[in-house]
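# give me coordinates for this.
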Amino acid sequence: MQLAFGKYDLHARIARGGTAEVFLADQNGPDGFSKPVALKVLLPEFGHDAEFVDMLIDEARLAVRLSHPSIVQILELGKTDGRYFIAMEYVRGSNLAVLRRALAAEETKMPARATVAILSTVLEALHAAHEQQDKDGKPLNIVHRDVRPHNILISDHGIVKVADFGIAKAAINHARTRTGVIKGCFAYLSPEQARARPVDRRSDVFSAGLVLYELLSGARAYECDDELEMLGRAQHAELTPLGVACPEVPARLREVVDRALAPEPDARFQSCAAMGDALAQAAKKAGMTPFTPAQLAAFVAPFLAGVKLEPVERSLFGEELLAEAGGGVATRVVGTPKPAVPLLVTTPAGTSLGTQASMAWIAGALAVVAVLAFALWPRPNEPVPEPEPASQAATAAPIDPPPPAKAAHGYLTINSRPWSTVFVDGALVSKTTPVRRLELSIGKHRVVLQRGDGAKAELDVEITPGATVTKLYDWDAR
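Sure, this is the predicted structure:
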């Protein structure tokens, strides 16, 4: 199945984050021209939020300046059917997080030679971003702020690239980071990030050190499932030394990791270039030759052989398509297990497509109808059932219509002054307020707000069917 989106055909969903989806797509042109791209599309609920739109535009404006072979290239910023999107270079392969999970399933660690090759390239790319200047030669002071395995891509040919400058800090940004707001994945935050303090390139050094730690040890740097506990550990860099977690790692490599993970920025490598040089020297002194791209490709291929992209019909685009056709969609509620959920399609009688529906949605709706027709159409060798005798039909007991279904969920909207990170029932739901119409299961829930300085406030909310509970928390009024 594919869906039309302007001049692009969407084939599969690569990933979905809190504010956007990324699709494998074809960019179409005249005379049969077609080019595979990765299309990052802002989710519709954020399309009218100036802050999130500015963040997407900032990402495009920033990344388009970063011309480096190890940074994913930006091809276009656009808007189609009210949806903002970025078209990016498509890297055929996978990200480091998927590879790590595949290795863990086989109880295998990344070879140190492969790790050195991957991190050396990542550090080179980050240094290139950190050194970027504007047209007048002034430093842009770019900080990635989200260096983690999900944003490190490995192609089928063993080429490593850094992706997603979506929350990067730079002097040219329109969207300004608000005081006290934490940006980044908790498991890969530097201590200054976790405390919502100003960051510079040395924050990326720390995050790269965490990735290096995990690849060499085969274990998470912060071994805890609770997001609040993880944030607390990140604020103080409370992790098990690599020499204790994995003593077989060569001592010189451990020294690189230990220095990169120094809690105070002044004690770390002062640049990713310096860390990369130290890593290369440590590998050399340990008698270790980094993998070539061909060797890296040969190593990762068996572990990624079974990895498949998610069908586009399970994306938000698929849900919208079915909604246009009058269908229903199974959704996931916070606090419940999170398997991939199949779509539940219904086509009530009398449903018609609005005249404003795009041709893509119409085509999708017809496809749904075609599937249903195929399922109901009698097969050549199947007898067509005889109609029920009229007398039986006339005397059959009337069937009462089923009672209207009650909503199985409600909604929570919450804001705070100043801004807070929001947890519901122990799970992180947003790194900043406000949170609008968060879908929750019926019943009582515990909400925890956490400021950038670590202060916490707990609220109990009760969700009722179909209703929205609205909360505003003022820290100054405590």
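# going forward, measure contacts and count neighbours with C-alpha atoms only.
OK.
# quick one: residues contacting Lys161.
With contacts defined as Cα atoms under 8 Å, 6 or more residues apart in numbering, Lys161 is in contact with Pro69, Ser70, Ile71, Val72, Thr121, Val122, Ala125, Ile152, Leu153, Ile154.
# neighbouring contacts of stretch 410-419?
Applying Cα under 8 Å, 6+ apart, the external contacts of stretch 410-419 come out as 180-181, 432-442, 451, 463-476.
# buried subset of those residues?
Buried members of the contacts of stretch 410-419, counted by 16 or more other Cα atoms under 10 Å: 180-181, 432-435, 438-442, 451, 463-464, 468-469, 473, 475.
# can I assume Val143 is in contact with Ser207?
No. Using Cα atoms under 8 Å, Val143 is not in contact with Ser207, being 11.2 Å away.
# just for the stretch 201-350 of the chain, where's the confidence low?
306-350 (pLDDT under 70).
# so which residues of the stretch 1-150 of the chain form strands?
Remark: strands assigned in the stretch 1-150 of the chain by DSSP state E, counting those that start in this stretch are 3-5, 8-16, 20-28, 34-42, 74-80, 83-89, 93-95.
# using TSV, lay out those strands together with distance to Val300.
Below are the strands of the stretch 1-150 of the chain laid out as TSV (distance: least, Cα to Cα, whole Å):
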stretch	distance to Val300
strand 3-5	31
strand 8-16	18
strand 20-28	21
strand 34-42	21
strand 74-80	26
strand 83-89	21
strand 93-95	10
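# which of those sits closest to Asp136?
Among the strands of the stretch 1-150 of the chain, strand 74-80 comes nearest to Asp136, with 22.0 Å by Cα to Cα.
# the closest one pairs with which strands, and in what direction?
Taking DSSP bridges as the criterion, strand 74-80 forms sheet pairs with strand 83-89 (antiparallel).
# any idea how far the partner strand is from the middle of the chain?
Counting by Cα atoms, centre = their mean, to the nearest Å, strand 83-89 is centred 15 Å from the centre of its parent chain.
# ok, stretch 258-274 next?
Averaging C-alpha positions (Cα atoms, centre = their mean) puts stretch 258-274 27 Å from its chain's average.
# which residues are in contact with it?
Against stretch 258-274 from outside (Cα under 8 Å, 6+ apart): 123-124, 126-127, 190-191, 201-206, 208-210, 236-237, 241-242, 275.
# go with 7 Å
The contact list for stretch 258-274 (Cα atoms under 7 Å, 6 or more residues apart in numbering) reads 123-124, 126-127, 191, 201-202, 205-206, 209, 236-237, 275.
# what comes up buried for it?
Across stretch 258-274, burial judged by 16+ other Cα under 10 Å covers 258-265, 268-274.
# out of these, which sit inside strands?
Using DSSP state E, no member of the buried residues of stretch 258-274 falls within strands.
# closest to Gly6 among these?
Among the buried residues of stretch 258-274, Cys272 lies closest to Gly6 (Cα to Cα), at 39.6 Å.
# and stretch 439-454, end to end?
With Cα to Cα, to the nearest Å as the measure, the ends of stretch 439-454 fall 26 Å from one another.
# again, but for stretch 188-201
Stretch 188-201 has an end-to-end distance of 14 Å (criterion: Cα to Cα).
# and stretch 412-431, by the same measure?
In stretch 412-431, first residue to last residue: 16 Å (Cα to Cα).
# test my guess that Ala294 contacts Asp156.
No. Using Cα atoms under 7 Å as the test, Ala294 is too far from Asp156 to be in contact (9.2 Å).
# between these two, which has more neighbouring residues?
Asp156 (19 against 12; other Cα atoms under 10 Å).
# quick check, pLDDT for that one.
Predicted confidence (pLDDT) for Asp156: 91.
# was I right about it contacting Val91?
No. Using Cα under 7 Å, Asp156 is not in contact with Val91, being 8.3 Å away.
# which non-adjacent residue is nearest Gly466?
By the measure of Cα to Cα, 6 or more residues apart in numbering, the closest residue to Gly466 outside its immediate chain neighbours is Gly410, 4.5 Å from it.
# buried residues in stretch 419-427?
For stretch 419-427, a neighbour-count test (16+ other Cα under 10 Å) marks Trp419, Ser420, Thr421, Val422, Phe423, Val424, Gly426, Ala427 as buried.
# likewise for stretch 287-305?
By neighbour count on 16+ other Cα under 10 Å, the buried set for stretch 287-305 is Pro290, Phe291, Pro293, Leu296, Ala297, Phe299, Val300, Ala301, Phe303, Leu304.
# do I have it right that the fourth one meets Ala114?
Yes. Contact criterion Cα under 7 Å: Leu296 and Ala114 qualify, at 6.3 Å.
# quick one on the thing from earlier: restricted to strands, list the contacts of stretch 410-419.
Among those, the ones falling in strands (DSSP E) are 435-441, 463, 468-474.
# spatially nearest residue to Val300 (excluding sequence neighbours)?
Of all residues not flanking Val300 in the chain, Leu99 sits nearest, at 7.4 Å (Cα to Cα, 6+ apart).
# distance check, that neighbour against Ser190.
With Cα to Cα as the criterion, Leu99 and Ser190 are 23 Å apart.
# quick one: the helices in the stretch 201-350 of the chain, in order.
With helices called from DSSP state H, counting those that start in this stretch, the stretch 201-350 of the chain shows them at 201-217, 227-236, 242-245, 251-260, 272-285, 293-304, 316-324.
# least confident pick among the buried residues of stretch 419-427?
Within the buried residues of stretch 419-427, Trp419 has the lowest pLDDT, namely 73.
# which SSE is that residue in?
Per DSSP states H and E: Trp419 is located in neither a helix nor a strand.
# so how far is Gly29 from it?
According to Cα to Cα, Trp419 and Gly29 sit 45 Å apart.
# then Glu214?
Taking Cα to Cα as the measure, Glu214 and Gly29 are separated by 43 Å.
# what's the answer for Arg197, then?
46 Å.
# the two: which is more packed in?
Using other Cα under 10 Å as the criterion, Arg197 and Gly29 rank with Arg197 on top: 14 against 11.
# in which helix or strand would I find the more buried one?
Applying DSSP H and E, one finds Arg197 in no helix or strand.
# the nearest residue to Leu472 once chain neighbours are set aside sits in which helix or strand?
In this structure, Leu472 finds its nearest non-sequential neighbour in Asn415, 4.9 Å apart by Cα to Cα, 6+ apart. If you go by DSSP H and E, Asn415 is part of strand 409-417.
# that strand versus strand 468-474: what angle between them?
Strand 409-417 and strand 468-474 meet at an angle of 20 degrees, taking axes from the mean of the first three to the mean of the last three Cα atoms, to 10 degrees as the criterion.
# gap between strand 409-417 and the chain center?
With Cα atoms, centre = their mean as the basis, the mean position of strand 409-417 lies at 22 Å from the chain mean.
# how many residues are close by the residue nearest to Ala294 when sequence neighbours are not counted?
Leaving aside its sequence neighbours, Ala294 sits nearest to Gly158 (Cα to Cα, 6+ apart; 5.8 Å). Neighbourhood size, Gly158 [other Cα under 10 Å]: 22.
# doesn't Phe299 make contact with Gly158?
No. Counting by Cα under 7 Å, Gly158 does not reach Phe299; the two are 8.9 Å apart.
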